[in-house]
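Novice: next come a sequence and a model predicted from it.
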Amino acid sequence: MSRAQIGYLIPLNGKLEEDSSVPKLSVSDGINVIGRNSISVSDKRLSRRHITLAASADGSASLIVEGSNPIVVNSGGSYLFKYETVAGERHGSSLYNSKRSLNNGSGFSCEGEENSRKRLQKASGNKSSIRNSEDNADREKRGSNAVTQNFGCSQFSRENNEQAIRNFHVPNDKIPLTFRLLLCARAATMGKYFLCFNRRCSSACPKLAKVPHVLVIHGESDGRVDQMKRSQPANWILHKPPLPISFGTHHSKAMLLVYPRGVRVIIHTANLIYVDWNNKSQGLWMQDFPWKDQNGPSKGSGFENDLIDYLSTLKWPDFSVKLPAHGSFNINPSFFKKFDYSNATVRLIASVPGYHTGTNMKKWGHMKIRSVLQECVFDKEFTKSPLIYQFSSLGSLDEKWMAELASSMSSGFTEDKTPLGRGEPQIIWPTVEDVRCSLEGYAAGNAIPSPVKNVEKEFLKKYWAKWKSSHTGRCRAMPHIKTYTRYNGQKLAWFLLTSANLSKAAWGALQKNNSQLMIRSYELGVLFLPSLSKIHVTTFSCTSNGSLSEENSEMHRPKLVTLTGQRSENSNSASEVIPLPVPYELPPQPYSSEDVPWSWDRRYNKKDVYGQVWPRSVQLYSSDDS
């Protein structure tokens with residue numbers, strides 16, 4: 001039975017222009033299989049059935065790369081395509097892999113539904129990868145924000161402006177003011193020295209082997225560390241920071257890359273493993289900072305204090321490196337005081353394990369964000385406005401602690417010194433159906449490791465809200481990103497991108513009549529505030545030879561907005577608008593009576609998109625990997 005033709009894959013040349021010398025490829029409703037037998041150029045590096053494109057008449061599509069070695073990395077040429085519906089609506093600048101060429105498949109063939117279902121089952125798990133994004137070269141040429149694109153969601157919502165993420169392009173000098181979704185950490189290729197913080201690590205990234213010195217600060221188990229030591233590159237130094245309280249972990253996810261010109265600070269939400277960087281919704285922020293002028297006045301900043309305080313708790317062993325044009329240095333926390341952070345566009349919000357008292361209480365966890373927000377002035381429209389908690393692992397909570405956290409998250413004042421007042425939290429959390437129908441099927445639940453006893457507490461029911469991400473094309477890419485925000489409509493009072501899940505272990509709990517804060521785990525995040533966006537924005541880059549320059553952005557008080565609200569704010573306001581790619585829709589939709597929050601220790605007999613039930617015999621994330 002023939003199927004309706006709904007679109008085309010249109011070939012592009014190296015300049016991302018339509019290439020009429022190569023035939024465009026028809027796309028039918030349903031499953032389209034693309035491989036060696038269907039391309040116009042002979043290339044045996046491709047499997048016969050290389051990728052599967054599942055397309056829908058609503059304009060959405062999902063791309064799955066199949067085969068044990070699906071990516072061509074040493075190609076003499078590139079085959080780039082854009083997807084266009086029959087009606088002429090474009091759904092992506094190109095399809096590409098993370099190296100220099102596309103998975104050079106440039107054709108399609110169709111199978112029966114049963115065979116297609118079996119092939120999709122085979123493609124699931126660690127051997128599958130998703131490549132749905134803009135082309136690297138095009139991104140560099142435009143100086144965009146390097147945001148990857150998914151072709152769509154199972155429920156496509158045109159009312160929510162599904163084009164928002166495709167129109168999200170930020171000039172290079174404004175990149176530190178916002179963050180990115182689903183990025184590859186290709187910045188690590190240029191550094192002379194690389195410091196990595198992560199919960200889980202893999203030595204399978206070949207680019208790291210080219211960096212002269214790599215310090216990996218991790219939270220792996222002893223057994224896993226022994227395995228890593230047997231396979232780690234010779235340039236790696238492994239260090240597990242002290243964990244003085246039981247059931248804690250090192251969960252921060254960050255990179256510090258030292259270059260001849262300065263240091264690049266990257267805070268993100270992905271473990272250093274393949275599946276995290278390819279199959280899930282993740283976030284990443286970065287900013288470059290120059291070396292301090294040793295002859296100029298000393299410039300301190302809140303960001304520098306935050307960073308040095310956090311690094312000092314990790315207790316890694318000092319080691320010496322020689323940096324071109326700068327000489328030899330001992331790499332320890334004090335070394336990072338040599339850089340000028342005065343133009344930082346965020347504040348660091350960190351957690352470190354321990355029983356914190358006195359002034360140390362305000363340095364960590366939810367008391368840190370409370371102390372920072374108490375120093376900020378916000379527009380009156382955020383008075384008693386709601387809060388969003390979005391994360392990937394839920395701890396064992398109670399109503400008293402939820403009120404404690406909400407009190408910290410609700411801090412801040414209006415211009416007339418009136419407190420903003422308590423905001424009502426909403427918890428964005430995937431449903432069982434979200435996980436079942438996700439890009440990974442039930443396997444995505446491995447990284448949403450919360451048990452029934454935590455998830456199905458009665459008092460939580462009033463907080464549940466849906467993960468819906470039509471405007472960023474990530475409805476089916478399950479969230480490993482963690483975010484917290486206060487909002488009114490599409491405007492944001494502040495926004496936090498962090499490693500911290502919703503747990504006492506991550507955020508801390510007040511004890512002894514609120515005189516002590518107990519935290520079990522290390523966490524790290526970046527807080528976006530309008531007040532920090534008013535400073536001079538520096539166009540400095542560690543990887544560019546351009547001169548150091550500054551741009552004054554203090555003309556008006558900036559506004560933080562979602563991508564959906566960006567257009568209306570630009571047209572209606574004289575203030576500078578800073579768009580943040582919030583991956584979920586605001587306001588979120590509450591759960592319906594049929595929605596069931598995901599918990600990973602239940603049995604689910606309804607088959608997922610790969611024909612699997614749950615549980616499966618797979619390696620699980622540990623419950624504290626959030």
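Specialist: Cool, the structure landed.
Novice: drop to CA atoms for contacts and neighbour counts, all remaining ones
Specialist: OK.
Novice: so how many other residues sit close to Lys466?
Specialist: Applying other CA atoms under 10 Å, we find 21 other residues in the vicinity of Lys466.
Novice: should've said Arg230
Specialist: 8.
Novice: elements contacting the strand or helix carrying it?
Specialist: Assigned by DSSP states H and E, Arg230 belongs to helix 222-231. When contacts are defined as 3 or more CA pairs under 8 Å, 6 or more residues apart in numbering; DSSP states H and E, helix 222-231 packs onto no helix or strand at all.
Novice: beyond it, next helix or strand please.
Specialist: Downstream of helix 222-231 (by DSSP H and E), the next one is strand 236-239.
Novice: which of the residues in the helix holding Arg230 are buried?
Specialist: For helix 222-231, a neighbour-count test (16 or more other CA atoms under 10 Å) marks 225, 228 as buried.
Novice: that helix: how far from the chain's middle?
Specialist: Chain-centre distance of helix 222-231: 27 Å, with CA atoms, centre = their mean, to the nearest Å.
Novice: now that helix - C-alpha only, PDB.
Specialist: Provided in PDB are the C-alpha atoms of helix 222-231 (Å, rounded to 0.1, in the frame of the first residue of the first chain):
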ATOM      1  CA  ASP A 222      35.900   2.500  43.400                       C
ATOM      2  CA  GLY A 223      35.200  -0.400  41.000                       C
ATOM      3  CA  ARG A 224      34.500   1.900  38.100                       C
ATOM      4  CA  VAL A 225      37.700   3.900  38.900                       C
ATOM      5  CA  ASP A 226      39.800   0.700  38.700                       C
ATOM      6  CA  GLN A 227      38.300   0.100  35.200                       C
ATOM      7  CA  MET A 228      39.000   3.700  34.200                       C
ATOM      8  CA  LYS A 229      42.600   3.500  35.300                       C
ATOM      9  CA  ARG A 230      43.200   0.500  33.000                       C
ATOM     10  CA  SER A 231      41.900   2.400  30.000                       C
END
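Novice: average pLDDT for it?
Specialist: For helix 222-231, mean pLDDT rounds to 74.
Novice: repeat that for stretch 523-543.
Specialist: Here the average pLDDT along stretch 523-543 is 82.
Novice: can you give me the strands for the stretch 401-550 of the chain?
Specialist: 425-428, 464-465, 482-488, 491-498, 509-511, 516-519, 523-528, 537-538, 550-551 (DSSP state E, counting those that start in this stretch).
Novice: for the longest one, name the packing helices and strands.
Specialist: Going back to what we said before, that points to strand 491-498. Using 3+ CA pairs under 8 Å, 6+ apart, the elements in contact with strand 491-498 are strand 262-268, strand 482-488, strand 523-528, strand 559-562.
Novice: least confident secondary structure element in this protein?
Specialist: In the chain, the helix or strand scored least confidently by mean pLDDT, DSSP states H and E is helix 136-142, which has a mean of 33.
Novice: nearest to Ser298, out of the helices and strands packed on strand 491-498?
Specialist: strand 262-268 (16.4 Å; CA to CA).
Novice: the closest one pairs with which strands, and in what direction?
Specialist: Paired neighbours of strand 262-268 in the sheet (DSSP bridges): strand 254-258 (antiparallel), strand 283-290 (antiparallel).
Novice: take those and write them to a markdown table, including distance to Ala447 and mean pLDDT.
Specialist: Output for these, formatted as a markdown table (distance: least, CA to CA, whole Å; pLDDT from 0 to 100):
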| stretch | distance to Ala447 | mean pLDDT |
| --- | --- | --- |
| strand 254-258 | 19 | 93 |
| strand 283-290 | 15 | 94 |
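Novice: okay, these in JSON lines with distance to Thr472 and mean neighbour count next?
Specialist: As requested, the strands paired with strand 262-268 are arranged in JSON lines below (distance: least, CA to CA, whole Å; neighbours: other CA atoms under 10 Å):
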{"stretch": "strand 254-258", "distance to Thr472": "24", "mean neighbour count": "24"}
{"stretch": "strand 283-290", "distance to Thr472": "13", "mean neighbour count": "24"}
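Novice: those strands: which one's closest to Lys363?
Specialist: strand 254-258 (18.6 Å).
Novice: partner residues bridging the most centrally placed residue in the chain?
Specialist: Centroid check for the chain by CA atoms, centre = their mean gives Gly283 as the closest residue, at 1.7 Å. Under DSSP bridges, the beta-bridge partners of Gly283 are Leu181.
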